[in-house]
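Novice: The amino acid sequence is not available; the structure is as follows:
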């Protein structure tokens, strides 16, 4: 569903937002509800995507921020940014499943890039994506990210990140140079 991105409001999350953030993240990636959008991981992982502790840690991180995108008071999307030296880590990117595919994700990513460059002066954004998520990696590549060939293992056995449905999952690091601001 297309969203009038000019009407989007962005703000920084607080601990009061944690329950709504947790519900949004879970709905975008896991379970049957996630299948309404295209970012689902339900064919790769069962169980939770994150937990209250993980979301709270992202919201309260001293070198990070969780950005919320809202329209008429409704939480539609979020992302986490964490300053890591000269770069910003981009994670916990979630768009309400029924709102995916209408430009909302592009608007949130652009806002996050602008925030990282202007507020922190970083020159690069980085993220990790499950390697098997080819369609998602292609979406990021169309937005200027590049695959690095740097891989890290999936945390098998740690159900805080889900229960894998296959044994070959791993993360690939993607990076993007940010325009000087």
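Specialist: Good, I have the coordinates. Values in this document were obtained by computation on a predicted structure and should not be read as measured data.
Novice: Residue 154 and residue 172, how far apart?
Specialist: Per C-beta to C-beta, to the nearest Å, residue 154 is found 11 Å from residue 172. Just so you know, the C-beta spots here come from the backbone N, C-alpha and C atoms, and that holds for glycine as well.
Novice: Among these two, which residue is more densely surrounded?
Specialist: Each of residue 154 and residue 172 has its neighbours counted (other C-beta atoms under 10 Å); residue 154 has more, 21 against 18.
Novice: Compute the distance between the more buried one and residue 160, please.
Specialist: To residue 160, residue 154 is 12 Å away according to C-beta to C-beta.
Novice: do residue 69 as well
Specialist: Counting by C-beta to C-beta, the gap from residue 69 to residue 160 is 25 Å.
Novice: Check residue 93 too.
Specialist: 18 Å.
Novice: between the two, which one's more packed in?
Specialist: Neighbours per residue, other C-beta under 10 Å: of residue 93 and residue 160, the larger number sits with residue 93, 22 against 12.
Novice: Can you verify that one is assigned to a strand?
Specialist: Yes: counting by DSSP: H, G, I helix; E, B strand; the rest coil, residue 93 is located in a strand.
Novice: Please shift the residue numbers so they start at 46 in all later answers.
Specialist: Got it, first residue is 46 now, which makes that one residue 138.
Novice: So which helix or strand of the protein has the lowest pLDDT on average?
Specialist: helix 76-79 (a mean of 79; mean pLDDT, DSSP states H and E).
Novice: And the contacts of it?
Specialist: 71, 72, 73, 85, 86, 87, 142 (C-beta atoms under 8 Å, 6 or more residues apart in numbering).
Novice: Which pLDDT value belongs to the residue nearest to the fifth one when sequence neighbours are not counted?
Specialist: Using C-beta to C-beta, 6 or more residues apart in numbering and skipping the chain neighbours, the partner closest in space to residue 86 is residue 74 (4.7 Å). Per-residue confidence at residue 74 stands at 86 (pLDDT).
Novice: just checking, residue 74 touches residue 137?
Specialist: No: using C-beta atoms under 8 Å, residue 74 is not in contact with residue 137, being 9.9 Å away.
Novice: Could you tell me how many residues sit around residue 191?
Specialist: 12.
Novice: Nearest residue to it in space, please, no chain neighbours.
Specialist: Per C-beta to C-beta, 6+ apart, closest to residue 191 is residue 220, 6.1 Å.
Novice: That neighbour sits in which helix or strand?
Specialist: strand 215-222 (DSSP states H and E).
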